[in-house]
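Colleague: one predicted model, sequence on top.
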Amino acid sequence: MKKLLLFLCLMAAIIIISACSAEQEKMLKVSKSSDEFVGENYKTVISQLEETGFTNIKTKVLDDLITGWLTKDGEIEKVEINGDTEFSANDSFQKNSKIVITYHTFPSEEERATKSTDEKKKDIKSTDENKRDTQSTDEKKRETKSTDEKKKATKSTDEKSSKTVEQSTNDTSILTVKNNEDLAALLSVKNENDPIIGKFAKKYVGRIIEFDGNIANMMQHGNYKTRYNILILAGDYNETTFSGPNFQFENVGVIDLNLTGSEIPDSIGAGQNLHITAEVVEYNETSELFRLKPINTEIR
């Protein structure tokens with residue numbers, strides 16, 4: 001009886017040990033942490049994981065690249081294992097664990113063509129709206145002129161006062177150094193905290209300005225890899241001379257700049273000369289930054 005009982009205990013122990021060994025064979029260790037995978041090429045990481053023995057690897061595409069300057073084609077954004085985006089090197093997972101690798105790449109030619117078509121439609125719509133606004137302004141000018149002429153014919157004593165209503169303000173026109181003295185003065189200041197800057201921003205908030213400038217500095221916005229804070233100075237780029245307002249495009253992607261020109265480079269950065277069309281947003285007296293919203297950016 002004792003021999004039989006001993007035999008049964010041994011068999012049970014063997015079964016338990018075998019089950020544990022089989023379970024351990026299904027567990028695999030990752031060679032790197034989740035943070036170490038970020039920034040690597042997704043094909044390389046897939047090969048490494050497959051060599052380790054993982055069998056359920058999938059990919060997720062972020063087709064958000066424009067130039068491939070700071071973020072490379074195929075660069076990993078994150079790696080998930082069973083839905084978990086945080087893990088350490090040598091953590092163990094089952095070999096059939098669901099692994100999803102999210103990486104950056106360029107949009108397909110079809111998507112680029114669609115975006116280009118949409119942008120052209122927006123440009124056409126904007127042009128039509130500007131034409132309608134201009135026509136409306138011209139009609140107002142003609143009406144004003146007609147009224148003035150009637151006043152001159154009936155009351156010669158009102159000649160001086162009637163002349164003051166011959167001109168009307170066109171709030172939809174684009175401000176340039178040729179048609180706006182305030183903008184010309186703004187771009188001529190030497191000090192970045194000149195009172196003219198704040199006065200201009202308050203007076204023309206929401207208006208569109210157009211001028212020649214350059215990228216003085218281009219930094220990532222926060223932790224984003226494809227969003228930037230771009231410092232713009234007036235005139236051509238100069239490595240030794242910096243003066244005038246500190247214009248800024250805040251939290252923008254390269255696509256938001258709406259780049260145009262005969263020779264658009266693969267990447268942009270400090271030193272690039274531009275012809276800028278942008279909306280006046282605000283001036284921060286503390287940071288001395290004059291924020292603009294880009295509308296059109298021509299490479300020059």
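Modeller: Perfect, I can see it now.
Colleague: and stretch 59-74, end to end?
Modeller: 11 Å (C-alpha to C-alpha, to the nearest Å).
Colleague: now that stretch, how far from the chain's geometric center?
Modeller: 13 Å (C-alpha atoms, centre = their mean, to the nearest Å).
Colleague: which parts of it are buried?
Modeller: 65-67, 71, 74 (16 or more other C-beta atoms under 10 Å). Every residue, glycine included, has its C-beta placed from N, CA and C.
Colleague: residues making contact with it?
Modeller: With C-beta atoms under 8 Å, 6 or more residues apart in numbering as the test, stretch 59-74 has contacts from 41-43, 46, 77, 100-108, 111, 220, 225-226, 253-255, 265-269.
Colleague: give me the buried subset of those.
Modeller: By 16+ other C-beta under 10 Å, the contacts of stretch 59-74 give 42, 46, 77, 100-105, 107, 225-226, 254, 268 as buried.
Colleague: the strands in the stretch 151-300 of the chain, which residues?
Modeller: Counting by DSSP state E, counting those that start in this stretch, the segments of the stretch 151-300 of the chain that form strands are 208-220, 228-234, 246-252, 259-260, 273-284, 289-299.
Colleague: what are the ranges of the helices in the stretch 1-150 of the chain?
Modeller: 2-26, 34-37, 42-52, 109-154 (DSSP state H, counting those that start in this stretch).
Colleague: which residues are contacting the shortest one?
Modeller: With C-beta under 8 Å, 6+ apart as the contact definition, helix 34-37 has outside contacts at 45, 76, 78-79, 85-89, 101.
Colleague: quick one: which of those is most hemmed in?
Modeller: Within the contacts of helix 34-37, most neighbours by other C-beta atoms under 10 Å means Val79, with 26 neighbours.
Colleague: now that one: how far from Leu5?
Modeller: 52 Å (C-beta to C-beta, to the nearest Å).
Colleague: swap in Asn296?
Modeller: 89 Å.
Colleague: tell me which of these two has more neighbours.
Modeller: Neighbour comparison, Asn296 and Leu5: the larger count goes to Asn296, with 17 against 9 (by other C-beta under 10 Å).
Colleague: figure out the length between the terminal residues of stretch 262-270.
Modeller: Start-to-end span of stretch 262-270 (C-alpha to C-alpha) is 20 Å.
Colleague: mean confidence score for that stretch?
Modeller: When pLDDT is averaged along stretch 262-270, the result is 88.
Colleague: now stretch 184-201
Modeller: For stretch 184-201, mean pLDDT is 94.
Colleague: pLDDT weak spots in the stretch 101-250 of the chain?
Modeller: Applying pLDDT under 70 to the stretch 101-250 of the chain flags the ranges 110-121, 123-128, 130-131, 133-136, 138, 145-147, 150-171.
Colleague: now do stretch 240-254: everything it contacts.
Modeller: So stretch 240-254 is contacted by 64, 66-67, 186-192, 194, 197, 213, 216, 221, 224, 226-235, 256-257, 268, 276, 278, 288-294 (C-beta under 8 Å, 6+ apart).
Colleague: typed the wrong thing, it's stretch 286-300
Modeller: 192-193, 197, 201, 208-209, 212, 232, 245-250, 252, 256-265, 268, 272-284.
Colleague: grab the CA positions of that stretch and hand them over as CSV.
Modeller: Taking Å, rounded to 0.1, in the frame of the first residue of the first chain, the C-alpha atoms of stretch 286-300 are listed here in CSV:
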residue,chain,number,x,y,z
THR,A,286,6.4,89.2,-21.5
SER,A,287,7.9,86.8,-24.0
GLU,A,288,8.2,89.5,-26.7
LEU,A,289,6.8,87.0,-29.2
PHE,A,290,4.6,88.3,-32.0
ARG,A,291,2.5,85.3,-32.9
LEU,A,292,1.2,84.8,-36.5
LYS,A,293,-0.9,82.1,-38.2
PRO,A,294,0.6,80.9,-41.4
ILE,A,295,-1.5,81.2,-44.6
ASN,A,296,1.0,80.8,-47.4
THR,A,297,4.8,80.4,-47.2
GLU,A,298,6.8,80.8,-50.4
ILE,A,299,10.4,79.5,-50.5
ARG,A,300,12.7,82.1,-51.9
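Colleague: got the buried residues for that stretch?
Modeller: For stretch 286-300, a neighbour-count test (16+ other C-beta under 10 Å) marks 288-292, 294-299 as buried.
Colleague: residue ranges of each domain in this protein, please.
Modeller: For the chain, automatic domain parsing gives the domain ranges 25-104, 173-299.
Colleague: mind listing what's buried in stretch 248-258?
Modeller: Those would be 248-249, 252, 254, 256-257, for stretch 248-258 by 16+ other C-beta under 10 Å.
Colleague: re the thing from before, farthest-apart pair in the buried residues of stretch 286-300, please.
Modeller: Largest separation among the buried residues of stretch 286-300 by C-beta to C-beta: Glu288 and Ile299, giving 27.2 Å.
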